[in-house]
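Participant: Structure of the sequence below:
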Amino acid sequence: TKHDIIVYDYPIPSEDRMKYGESYLPLVDAILKPIQDTEHFQKLQLKADKIKEHMKKHGFAPARTLYYLGTK
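Facilitator: The predicted model follows:
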């Protein structure tokens, strides 16, 4: 079996990370919307608010992508 592992990390300049951070803020709220009537919502809302504050301060960049390619 032969295999290769490739890590793809697209560098994003600081100013672009700030733009991404602002554009992803509504996504945090959208993720919480379906669970707004659950017993854990308030706790998760507090965590979401911390995440949004972090994104406003530091920006956001997509995660690295890991490719694992193999042949039999």
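Participant: For the rest of this, base every contact and every neighbour count on C-alpha atoms.
Facilitator: Fine.
Participant: pLDDT value on Lys47, please?
Facilitator: Lys47 carries a pLDDT value of 96.
Participant: Please disregard the earlier target; I meant Thr1.
Facilitator: Looking at Thr1, the pLDDT reads 67.
Participant: for the one 10 residues further on, same thing?
Facilitator: The predicted structure scores Pro11 at 81 on the pLDDT scale.
Participant: That one should be in a strand, yeah?
Facilitator: No. Applying DSSP: H, G, I helix; E, B strand; the rest coil, one finds Pro11 to be coil, outside a strand.
Participant: could you list every residue that touches Leu69?
Facilitator: His3, Asp4, Ile5 (Cα atoms under 8 Å, 6 or more residues apart in numbering).
Participant: Distance of Asp49 relative to Gly21?
Facilitator: Shown here: Asp49 relative to Gly21, a distance of 13 Å by Cα to Cα, to the nearest Å.
Participant: In terms of neighbours, single out the busier of those two.
Facilitator: More crowded of Asp49 and Gly21, by other Cα atoms under 10 Å: Gly21, with 21 against 14.
Participant: I figured the more buried one hits Pro62, correct?
Facilitator: No. Under the criterion of Cα atoms under 8 Å, Gly21 makes no contact with Pro62, lying 10.1 Å away.
Participant: Give me the distance between the spatially most central residue of the chain and Val7.
Facilitator: Nearest to the geometric centre of the chain sits Pro62, at 6.1 Å (Cα atoms, centre = their mean). To Val7, Pro62 is 13 Å away according to Cα to Cα.
Participant: ok, now Leu46?
Facilitator: 33 Å.
Participant: what's the answer for Arg64, then?
Facilitator: 7 Å.
Participant: in this structure, which spans are helices?
Facilitator: 14-32, 41-58 (DSSP state H).
Participant: May I have the beta-bridge partners of Ile6?
Facilitator: Tyr67 (DSSP bridges).
Participant: For Leu25, which non-adjacent residue is closest in space?
Facilitator: Leaving aside its chain neighbours, Leu25 sits nearest to Lys52 (6.1 Å; criterion: Cα to Cα, 6 or more residues apart in numbering).
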